[in-house]
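Engineer: Below is the sequence, then the predicted model.
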Amino acid sequence: MKILVPNTVTLDLSGSAHHVFVYRVDQPIPDEHLDAEVLVVWQNTSANLADAAQRLSRLKLVQTLAAGPDSVVAAGFADNVAITSGRSLHDGPVAEHALALILATVRRLDQLLEAQKAATWDRAYNAAQSSPDTEQLYTLDGANVTIWGFGSIAGRLAPMLAALGANVTGVAGSRGERYGFPVAAAGELADVLRTTDVLVSILPATPETTNALNDDLLRALPESAIFVNVGRGATVDEDALVAALHEGRLRAAALDVTKEEPLPADSKLWSTPNLIITPHVAGNRPKGTAKLVLANLSALQEGRALTNLVDR
């Protein structure tokens, strides 16, 4: 098979018998490659994806290396073209970054960094984090952590949090148990939030999850709670989040993703108090890409089920 791989990742498929060609993700697909049967996608522009969807007439499979396939699905590939996601490729890096943001927000490292810049020994912070009345706010030991979107990334993150003493509850489409942790159904979320100290969102971007974290859910959280988003920016009503932080209805928040990326310099998020922002860096380091791609190439040739097939 003829396979197009992006210039944004090193993907060693040399051990296969396929014809592999590198293409630029920010340019139209070259005419000599319009007969490609497999397209591997990573950090492609929307224009490149739309071009590929229109002109690659022999395409059988689009393998995105992103955990969320939303941009590929939106590009308009024909129904007979299978789309598979990069689910599991980012589990370790995203879980690590999520943990870093959770700890930074719980321990309020943003306040300490501001004090450092001002050459100030923050005695008020020291008193707060050691006081019996407020010390529980500064630790995960005994904290109730809710992970919203309990997939494979949550499967890596939850044990890390539990090892630090947190009580972890997942929220997904149906209730039960996953990875050894209790999972509530999405319809129970508002009730779960009332006793949540840390809410972590790993939701994908779908029509159903647009602005999923809205004003009503933010009001369900205790004022002492924090929110961390390492999923997709489209899932958060940013105006509602900004209002909650300005009004003190939420202790703090951390966002690795925003609705508009890169985040414009004039965005009000930059100046929102008690908010940590990182530039969508939780993932961007897919691990085990060649293994996944080769497995799906073999499955495609042999007529077997594809790994991470996206239901459209």
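Structural biologist: Everything's here; your move.

Engineer: Please enumerate the helices of the chain.
Structural biologist: Ranges of helices within the chain are 46-55, 70-74, 91-106, 109-117, 123-130, 152-163, 189-193, 215-220, 238-246, 289-302, based on DSSP state H.

Engineer: Put together TSV for those helices, with mean neighbour count and distance to I29 on each row.
Structural biologist: In short, each C-beta sits where N, CA and C put it, glycine included. Below are those laid out as TSV (neighbours: other Cβ atoms under 10 Å; distance: least, Cβ to Cβ, whole Å):
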stretch	mean neighbour count	distance to I29
helix 46-55	17	5
helix 70-74	18	14
helix 91-106	21	29
helix 109-117	14	44
helix 123-130	12	54
helix 152-163	20	31
helix 189-193	16	42
helix 215-220	16	42
helix 238-246	18	35
helix 289-302	17	18
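
Engineer: And these: which comes nearest T278?
Structural biologist: Of all the helices of the chain, the one in closest proximity to T278, counting by Cβ to Cβ, is helix 91-106 (7.0 Å).

Engineer: what inclination does that closest one have with respect to helix 109-117?
Structural biologist: Going by axes from the mean of the first three to the mean of the last three Cα atoms, to 10 degrees, helix 91-106 is angled at 60 degrees with respect to helix 109-117.

Engineer: What would stretch 82-98 look like as CSV? C-alpha coordinates only.
Structural biologist: Extracted in CSV, the C-alpha atoms of stretch 82-98 (Å, rounded to 0.1, in the frame of the first residue of the first chain):
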residue,chain,number,x,y,z
ALA,A,82,-12.0,4.5,8.0
ILE,A,83,-10.7,7.0,10.6
THR,A,84,-8.6,5.7,13.5
SER,A,85,-7.4,7.8,16.4
GLY,A,86,-4.2,7.9,18.4
ARG,A,87,-5.9,6.9,21.6
SER,A,88,-3.3,5.5,24.1
LEU,A,89,-0.3,7.3,22.4
HIS,A,90,-0.5,10.2,24.7
ASP,A,91,-1.6,8.5,27.9
GLY,A,92,1.7,8.9,29.8
PRO,A,93,2.6,12.5,28.8
VAL,A,94,-0.9,13.8,29.3
ALA,A,95,-1.2,12.1,32.7
GLU,A,96,2.1,13.5,33.8
HIS,A,97,1.2,17.1,32.7
ALA,A,98,-2.3,16.7,34.3
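
Engineer: quick revisit: any idea which of the helices of the chain gets closest to T84?
Structural biologist: Closest among the helices of the chain, once you apply Cβ to Cβ, is helix 289-302, at 5.6 Å.

Engineer: and Q63, how many neighbours?
Structural biologist: For Q63, the neighbour count with other Cβ atoms under 10 Å is 28.

Engineer: For it, give the beta-bridge partners.
Structural biologist: V40, T84 (DSSP bridges).

Engineer: ok, now how distant is it from R156?
Structural biologist: 22 Å (Cβ to Cβ, to the nearest Å).

Engineer: Might you report the residue contacts of K259?
Structural biologist: G233, A234, V236, E238 (Cβ atoms under 8 Å, 6 or more residues apart in numbering).

Engineer: Quick check: the gap between A190 and G149.
Structural biologist: Distance, A190 to G149, using Cβ to Cβ: 16 Å.

Engineer: confidence score at A67?
Structural biologist: Looking at A67, its pLDDT reads 89.

Engineer: for A253, that is, sorry about that
Structural biologist: Here, the pLDDT recorded for A253 equals 98.

Engineer: so it touches F227, yeah?
Structural biologist: Yes - in this structure, A253 is within contact of F227 by Cβ atoms under 8 Å, at 4.4 Å.

Engineer: between those two, what contacts are shared?
Structural biologist: L241.

Engineer: who's in contact with the residue nearest the centre of the chain?
Structural biologist: Centroid-nearest residue in the chain: G231, 2.7 Å away (criterion: Cα atoms, centre = their mean). Going by Cβ under 8 Å, 6+ apart, G231 touches G68, G149, S201, I202, L203, P204, A205, V257.

Engineer: Repeat that for G155.
Structural biologist: By Cβ under 8 Å, 6+ apart, the neighbours of G155 are D91, R178, Y179.

Engineer: try T195
Structural biologist: With the criterion set at Cβ under 8 Å, 6+ apart, T195 makes contact with N144, P222.

Engineer: try the one 5 residues further on
Structural biologist: Remark: with contacts taken as Cβ under 8 Å, 6+ apart, V200 is in contact with A98, I102, V145, T146, I147, W148, L157, F227, V228, N229, V230.

Engineer: close enough to count as contact, the first one and I202?
Structural biologist: Yes - shown here, A98 and I202 form a contact pair, counting by Cβ under 8 Å, at 7.4 Å.

Engineer: Can you pull the residues that touch both of the two?
Structural biologist: Taking Cβ under 8 Å, 6+ apart as the contact rule, A98 and I202 both touch I153, L157, V230.
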